[in-house]
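Undergrad: I would like the atomic coordinates for the input below:
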Amino acid sequence: MNYYALTYKTADNYLEERPKYRAEHLKLATEFVEKGYLVLGGAMENPADEALLIFKAESDKIAISFAENDPYVKNGLVKLWSVRKWNVVVNSFEK
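TA: Below is the predicted model:
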């Protein structure tokens, strides 16, 4: 299994528009957590102009699928997103 970082650059109106889509976004995130794919996720603070989600999967297709189905992306709250393989060297999740 590999790790993949999904990064979001949020739109200027992200904080104002987020409440409309938050429940749907969190439902999607919970589905990916329950399937064992989404390890961590959340928005940066001060300013809330980016978000980071970490996935564990065989390929980047899982993280890409999340982004393509995320209501934040679909409704313009995310203006740019990318997925990159993350070569984890040290972690405390797996012993």
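Undergrad: Do a quick rundown of the strands in this structure.
TA: For the chain, the strands defined by DSSP state E occupy 2-10, 38-43, 50-57, 78-86.
Undergrad: Spit out the contact partners of the spatially most central residue of the chain.
TA: The residue lying closest to the centre of the chain (C-alpha atoms, centre = their mean) is residue 53, at 3.4 Å. Residues counted as contacts of residue 53 (C-beta atoms under 8 Å, 6 or more residues apart in numbering) are 5-8, 29, 38, 40-42, 63, 66. The way it works is simple: take the backbone N, C-alpha and C, and place the C-beta from them, glycine included.
Undergrad: so how many other residues sit close to the nearest residue to residue 75 once chain neighbours are set aside?
TA: Leaving aside its chain neighbours, residue 75 sits nearest to residue 21 (5.7 Å; criterion: C-beta to C-beta, 6 or more residues apart in numbering). When neighbours are counted by other C-beta atoms under 10 Å, residue 21 registers 18.
Undergrad: was I right about residue 21 contacting residue 78?
TA: No: the pair residue 21 / residue 78 is not scored as a contact, 10.4 Å apart, by C-beta atoms under 8 Å.
Undergrad: shared neighbours, the two?
TA: Contacts common to residue 21 and residue 78, judged by C-beta under 8 Å, 6+ apart, are residue 72.
Undergrad: Can you tell me how far the residue nearest to the centre of the chain is from residue 8?
TA: Distance from residue 53 to residue 8, counting by C-beta to C-beta, to the nearest Å: 8 Å.
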